[in-house]
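A.B. asks: here is my input, please return the structure:
(one chain, ligands or ions: 1)
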Amino acid sequence: MFSKKIAVLFSGSGSNLEAILSKIHGKIFNGVKLEVAVTICNKSGVYGIERAKKYGLETIIIENKNFATREEFDTALVNKIKKHGVDLVVLAGFMRILTPVFTSQIRAINLHPSLLPLFKGAHAIKESFESDMKVGGVSVHWVSEELDGGKIIAQRAFEREKDMSLEAWEAKIHAIEHEILPETIVEILTNN
Ligand code: GRF
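C.D. replies: Numbers count the residues shown, from 1 in each chain. Sure, this is the predicted structure:
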């Protein structure tokens, strides 16, 4: 059986990590078995670590606070990823700005909670909600040197409901994320 390995990087709750684990980990698509081979987190004590454990995965913790520079942290990350020889790296709520040390060596995709190129950065959900846009959405893109700026792979939009609250807006975004990220991984790894 042909199989492909994935590394998932996360920083917090890990709901997108869990979506990947429940929907595609260990499953066969187009004759290709997909496997999350390694999970890496830049913070200790976050809930995503427990979610990975449920699937028998011991998360590797590389805390950015222990490194003097972004480049040194990225070097440690890259070395760890290379050891596992994965086919694709997935940033699923990995809240770090990456340097060329990472972006020039690692083939990675990122999940972003807006319709890029609008609302780049860490506050996309709130900023898109507070805009007067009638639609919100989610993007998956290749990771490049520019923050949230690489080539877009997949996007999905939703319509703003009348009097929609921030909580409802956010819930809609997360529901879409949990669909679009696993689907995009399958598409990339099983459609030659
Ligand atoms: C997601 O909204 C993702 O788009 C953003 O951070 C959030 C991570 O959520 N970059 P989770 O940790 O996967 O639950």
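A.B. asks: going forward, measure contacts between C-alpha atoms and count neighbours the same way
C.D. replies: OK.
A.B. asks: quick one: contacts for the residue nearest in space to the middle of the chain?
C.D. replies: Centroid-nearest residue in the chain: Ala92, 2.0 Å away (criterion: C-alpha atoms, centre = their mean). Ala92 is in contact with Val8, Leu9, Phe10, Gly14, Asn16, Leu17, Asn110, Leu111, counting by C-alpha atoms under 8 Å, 6 or more residues apart in numbering.
A.B. asks: which SSE is the first one in?
C.D. replies: Using DSSP states H and E, the secondary-structure element containing Val8 is strand 2-10.
A.B. asks: likewise the last one?
C.D. replies: Assessed by DSSP H and E, Leu111 sits inside strand 108-112.
A.B. asks: quick check: buried residues in the helix or strand following that strand?
C.D. replies: Using DSSP H and E, the next helix or strand after strand 108-112 towards the C-terminus is helix 124-130. Residues Ala124, Ile125, Lys126, Ser128, Phe129 are the ones in helix 124-130 that count as buried (16 or more other C-alpha atoms under 10 Å).
A.B. asks: close to the ligand: what parts of this structure are there?
C.D. replies: With C-alpha under 6 Å from any ligand atom as the criterion, the chain comes near the ligand at residues Gly12, Ser13, Gly14, Ser15, Asn16, Leu17, Ala92, Gly93, Leu111, His112, Pro113, His174.
A.B. asks: in strands only, show me those residues.
C.D. replies: Leu111, His112 (DSSP state E).
A.B. asks: and the buried ones among the residues of the chain next to the ligand, selectable in ChimeraX?
C.D. replies: Those of those that count as buried under 16+ other C-alpha under 10 Å are selected in ChimeraX with:
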select :12,14,15,16,17,92,93,111,112,113,174
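A.B. asks: next up, the contacts around Phe119.
C.D. replies: Taking C-alpha under 8 Å, 6+ apart as the test, what Phe119 contacts is Glu127, Ser128.
A.B. asks: off-centre distance for stretch 151-160?
C.D. replies: 15 Å (C-alpha atoms, centre = their mean, to the nearest Å).
A.B. asks: so which of the buried residues of helix 124-130 is the closest to the ligand?
C.D. replies: The closest of the buried residues of helix 124-130 to the ligand turns out to be Ile125 (C-alpha to the nearest ligand atom; 7.6 Å).
A.B. asks: show me what the longest helix seen in the chain is in contact with.
C.D. replies: With secondary structure taken from DSSP state H, the chain has its longest helix at helix 166-190. For helix 166-190, the surrounding residues in contact (C-alpha under 8 Å, 6+ apart) are 4, 15-16, 19-20, 23-24, 29-32, 87-88, 111, 113, 125-126, 129, 136-138, 140, 153-156, 158, 160.
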